[in-house]
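Undergrad: pasting the sequence and the predicted coordinates here, then a few questions.
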Amino acid sequence: MTTRVAIVGGTGKLGGIIRDVVEAEPGFEVAAVLTSRSELSELDGADLVVDASTPAVSIDVVRAAIERGINVLIGTSGWSAERIALVRPLVEAAGTGAVFIPNFSLGSVLGSALAAAAAPFFPSIEIVESHRETKIDSPSGTAVRTAELIAAARDGVGPVESPHVDQRARGQQVASVPIHSLRRPGVVARQETILSGAGESLTIVHDTVEPAQAYASGIRLALAAARDAKGVTVGLDSLIDIGIGRPAAPAEDAPVDEGGVPGQVARATESFANGR
């Protein structure tokens, strides 16, 4: 049986890659390609919705899929643990599935898992993420997910040490981890997690060089999982055994600490709660 896929944001960079994978994948077909300005009634008749839109539009796409009883795969950035917690009861009440993938790259997932595994051993941890200048949101969904995994891994030792976070130049805090976002030409996606302790530091770096090649295997895996999913699933690492001990997932209703500097995470969460 062929799964009919509606791709929202299918004309964008990530959406185009997803579209190519769907068209080449046995058992799947592209039923509709929507832009971020399309009418969501175009989702009708799809068996699976894939969201690769924008953080502002993604809220409505996910809600529309749930209301129609259609499973949804979300590749759009900006979904924090707190924001996902607002979706969970809606998904469970509808009996559908929602799969959130902050990054489709296996290397990125491994980098975040390695950072979480090392997190309890270093008191100071900061993230520097770089994307092309056309990326409209910050911090990136991958950086937010990494910070949340770090916080979960440090549950027994407490938050990271991050002095002077009242200063704007110290970055935006997510789950006590300062995140610094660079938006510049000449880069696709790069994340550095810098862990520091007495007399030493450890830097975990992931570079995306060719997105279509880096994301393809993760997209295929996520499509198969999203087609049959029930409830909420977060992260490619939830779908595969990467051989690294996983910390407990962030609490469903855990607040996102932004260090008193409201940013994308807070705005997006408020928008979802208010139905905007």
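TA: That came through fine.
Undergrad: contacts only, for the residue most central in space within the chain.
TA: The centroid of the chain falls nearest to Pro102 when counting by CA atoms, centre = their mean (2.1 Å). Taking CB atoms under 8 Å, 6 or more residues apart in numbering, we find Pro102 in contact with Ser77, Trp79, Ser140, Gly141, Thr142, Val144, Arg145, Val234, Gly235. In this view, the C-beta of every residue, glycine as well, is placed from N, C-alpha and C.
Undergrad: out of the residues you listed, list just those in strands.
TA: Secondary structure defined by DSSP state E assigns Val234 of the contacts of Pro102 to strands.
Undergrad: quickly note the distance from the closest residue to Pro123 other than its chain neighbours to Ile204.
TA: Distance criterion CB to CB, 6 or more residues apart in numbering; nearest residue to Pro123, sequence neighbours excluded, is Glu161 at 4.6 Å. With distances taken as CB to CB, to the nearest Å, Glu161 is found 18 Å from Ile204.
Undergrad: again with Glu126
TA: 12 Å.
Undergrad: same check, this time on Ile125
TA: 10 Å.
Undergrad: just checking, Thr2 touches Ala31?
TA: No. Here Thr2 does not reach Ala31: they are 9.4 Å apart, not a contact under CB atoms under 8 Å.
Undergrad: neighbour count: those two, which is higher?
TA: Ala31 (20 against 10; other CB atoms under 10 Å).
Undergrad: related to what we said a few turns ago, overlap of the contact sets of Glu126 and Ile204?
TA: Joint contacts of Glu126 and Ile204 (CB under 8 Å, 6+ apart) are Thr193.
Undergrad: who touches the one helix or strand Leu223 maps to?
TA: Element membership for Leu223 (DSSP states H and E) is helix 211-228. For helix 211-228, contacts defined as CB under 8 Å, 6+ apart pick out 3, 5, 13-14, 17-18, 20-22, 25, 28, 47-48, 50, 71-73, 75, 97, 99, 101, 103-107, 109, 188-189, 208, 233, 236, 239-240.
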